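>>> Next input, structure requested:
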Amino acid sequence: MGIPLDEASLLALFLETLFYGVFLVLYCLTLFVLLKNTGSNRRLLIPIATVLFCMATAHLIVDFVRIMEAFVFNVGKMSANAYYANLASPLEYAKTVLYVTQTILADCVLVWRCYVLNHRSLFVAIPGLIVLCTNTVTGYIIVWSLSKANSSSTVFTTAHSWITTFFTLTMITSVTCTSLIAWRIYHTRRFMSDGFAMYLPILIVIVESGAIYATGVLSILLAYLSGSNGQYTVLDAVSPTMGIVFCLTILQVHFQVGGKSMMTRSLEPRGANSGSSESQETEIIHASMMDGN
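I've put the predicted structure just below:
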């Protein structure tokens, strides 16, 4: 097992609180940016960012309550290790539901961006929907399995294959969609003398954000397969990381492209670039990252 459950949980709360603070700052900045803009981004991105923030907040609150119960309220009744080992605890159940739901929502956003950026291709949509549906079913089977666990069960013996499948599909979704989005932007802008330089920061942040999220999921999977309680630590840190990645992409697009592209379109004649492939591709990239339609 390596690190004991109680130590892993304390470290998990510290890291989760740290990353939650980063998410809180980025969320407030994202709201400020989006509320200044008009368009469908308000109808799509604000609700998604808010739901991710609320789930991360609820996840953090549950972890704080569990820490208090394990080390303060129940200290005379059972050890902290025994408290955290109870998989059927209502708070453990709620925490698992929050994480699974948050992961599925984040993956839906990623698949949607990939789908829009690739001209709403069915070759992207159909495999993406299959993976999303499979992972959704797998995630809630895990929730159901853990809720039925007895006192002698551990997370490494309960729904082992389902948990492995869930994290594997999550990582595959992240890596595949991030790679497709990055390739599409590079392929679209590589021959434009001034276009690629403008979109290079977005390409970098998309790759970096995808790498951060995929690395976090891979760390959970490797820790879980090795039977280490360190998987709890990484899992709690990944919860706010999903929102961080989402907000970073929006902010990078806004500060690198939003102002410049809007100013350019306002200064050019109405029909000057309406039929050009460059203008069309710019709108596709901007819509997929900012407006979502």
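>>> Count the neighbours of Leu24 for me.
By the criterion of other C-beta atoms under 10 Å, Leu24 has 16 neighbours. Yep, even glycine has a C-beta here, placed from its N, CA and C like the rest.
>>> same thing with Met68?
Counted with other C-beta under 10 Å, Met68 comes out at 11.
>>> quick one: pLDDT of it?
On pLDDT, Met68 comes in at 91.
>>> Ok, Glu268 next?
pLDDT at Glu268 comes out at 40.
>>> and if you look at Ile141?
Ile141 is given a pLDDT of 94.
>>> if I pick Val217, what's in contact with it?
167, 170-171, 174, 238 (C-beta atoms under 8 Å, 6 or more residues apart in numbering).
>>> Kindly report the same for Ala12.
Going by C-beta under 8 Å, 6+ apart, the list of residues near Ala12 reads 63, 232-233, 235-237.
>>> 6 Å instead, please
Neighbouring residues of Ala12 by C-beta atoms under 6 Å, 6 or more residues apart in numbering: 232-233, 236.
>>> Name the member of those residues with the shortest distance to Glu7.
Thr233 (9.0 Å; C-beta to C-beta).
>>> Apart from its chain neighbours, what residue comes closest to the closest one?
With C-beta to C-beta, 6 or more residues apart in numbering as the criterion, Thr233 has its nearest non-adjacent residue at 4.3 Å, and that residue is Ala12.
>>> Check the secondary structure at that neighbour for me.
Each residue gets one of three states, and Ala12 gets helix by DSSP: H, G, I helix; E, B strand; the rest coil.
>>> and if you look at Asn150?
coil.
>>> and it, how many neighbours does it have?
9.
>>> Could you measure from the residue lying closest to it once chain neighbours are set aside over to Phe71?
Nearest residue to Asn150, sequence neighbours excluded (C-beta to C-beta, 6+ apart): Ala88, at 7.5 Å. Distance, Ala88 to Phe71, using C-beta to C-beta, to the nearest Å: 20 Å.
>>> now Thr134
38 Å.
>>> Kindly report the same for Asn150.
The value you get for Asn150 to Phe71, if C-beta to C-beta is used, is 24 Å.
>>> And for Lys148, nearest residue in space, chain neighbours not counted?
Ala88 (7.1 Å).
>>> Look up phi and psi at that neighbour.
phi -90, psi 10 (degrees, to the nearest 10).
>>> tally of neighbours for it?
14.
>>> Look at it and report its pLDDT.
pLDDT at Ala88 comes out at 80.
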